[in-house]
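S.K.: Here's a sequence, model it:
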Amino acid sequence: MPGPALFFSTLMNDDAKSIARGLQKRDPDLLDRLIEQYQYRLFRYLVYISGNRGRAEDFFQETWIRVLERGHQYDGKSKFEAWLFAIARHLVIDWQRSKKPQSLDALTDPELENPLQLANENEPSPLQQVMSREKEENVQTSLEKIPAIYREVLVLRFQEELQIEEMAGVLSVPLSTVKSRLYRGLEALRGALHGGAA
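M.R.: Numbering: from 1, shown residues only. You can find the predicted model right below:
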């Protein structure tokens, strides 16, 4: 008999496959359930990466329109939320490209060839330690002060609880880049919290 982890994994795969089948059929009930399940997380993510609540509302609606239009492209091999966040992120990048000469992807790190490893995931992360010491609104204000490229990975990892591999898929970057951005993002957040330069 399969263990609980294998059963859960199979359940997750079955769930992703049923979402894929429903999207291919353009099932309106499924779309309603998905919006209800992911609306808060998606909107929060969009507010963080766009930096503007009104703009985030527009991106939020546009993301669900894309899900409906491109549902046939979701194959159920990855988690639905990773696919959803990738759609949302591309919308923001496209908007930023039309407004600014550089996108989130253009803000690359000068030291990517030396990725820094993350601490043991069983121990509280630096972000969790900081959040337990500081008021949450302090952290939110500080998050707004750090570069978008770092804010995005911190939100995906610690608020949306995506795994490093899923984040790499959403961001379309190698694992080492995700780890590097996470490390630098934590350092920038720590600096912002303590009043230093981000």
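S.K.: what comes up buried for the helix or strand harbouring W95?
M.R.: Assessed by DSSP states H and E, W95 sits inside helix 80-99. Within helix 80-99, the residues that count as buried by 16 or more other C-beta atoms under 10 Å are 80-89, 91-93, 95-96. Using the backbone N, CA and C atoms, a C-beta is placed for each residue, glycine as well.
S.K.: and what of stretch 28-42?
M.R.: Under 16+ other C-beta under 10 Å, the buried positions of stretch 28-42 are 30-31, 34, 38, 41-42.
S.K.: same thing with stretch 58-71?
M.R.: Result for stretch 58-71 [16+ other C-beta under 10 Å]: buried residues 59-60, 62-64, 66-67, 71.
S.K.: Among the residues you listed, which ones are in helices?
M.R.: Among the buried residues of stretch 58-71, the members falling in helices (DSSP state H) are 59-60, 62-64, 66-67.
S.K.: which two of the buried residues of stretch 28-42 lie the greatest distance from each other?
M.R.: For those, the maximum inter-member distance is 17.5 Å, found between L30 and R41 (C-beta to C-beta).
S.K.: Number of residues surrounding D27?
M.R.: 16 (other C-beta atoms under 10 Å).
S.K.: Pop out the phi and psi values for it.
M.R.: Dihedral angles of D27 (phi, psi; degrees, to the nearest 10) stand at phi -70, psi 110.
S.K.: pLDDT wise, what is it at?
M.R.: We note a pLDDT of 85 for D27 in this prediction.
S.K.: Can you tell me the closest non-neighbouring residue to I35?
M.R.: Once flanking residues are discounted, I35 sits nearest to W64: 6.1 Å by C-beta to C-beta, 6 or more residues apart in numbering.
S.K.: how much space between that neighbour and R55?
M.R.: 16 Å (C-beta to C-beta, to the nearest Å).
S.K.: thinking again about what came up before, so how far is the helix holding W95 off the chain centroid?
M.R.: From the chain centre to the centre of helix 80-99 is a distance of 10 Å (C-alpha atoms, centre = their mean, to the nearest Å).
S.K.: Isn't D75 up against A20?
M.R.: Yes - under the criterion of C-beta atoms under 8 Å, D75 makes contact with A20 at 5.7 Å.
S.K.: who's more crowded, the two?
M.R.: Neighbour totals were compared for D75 and A20, and A20 leads with 19 against 12 (other C-beta under 10 Å).
S.K.: in what helix or strand does that one lie?
M.R.: Going by DSSP H and E, A20 is in helix 4-24.
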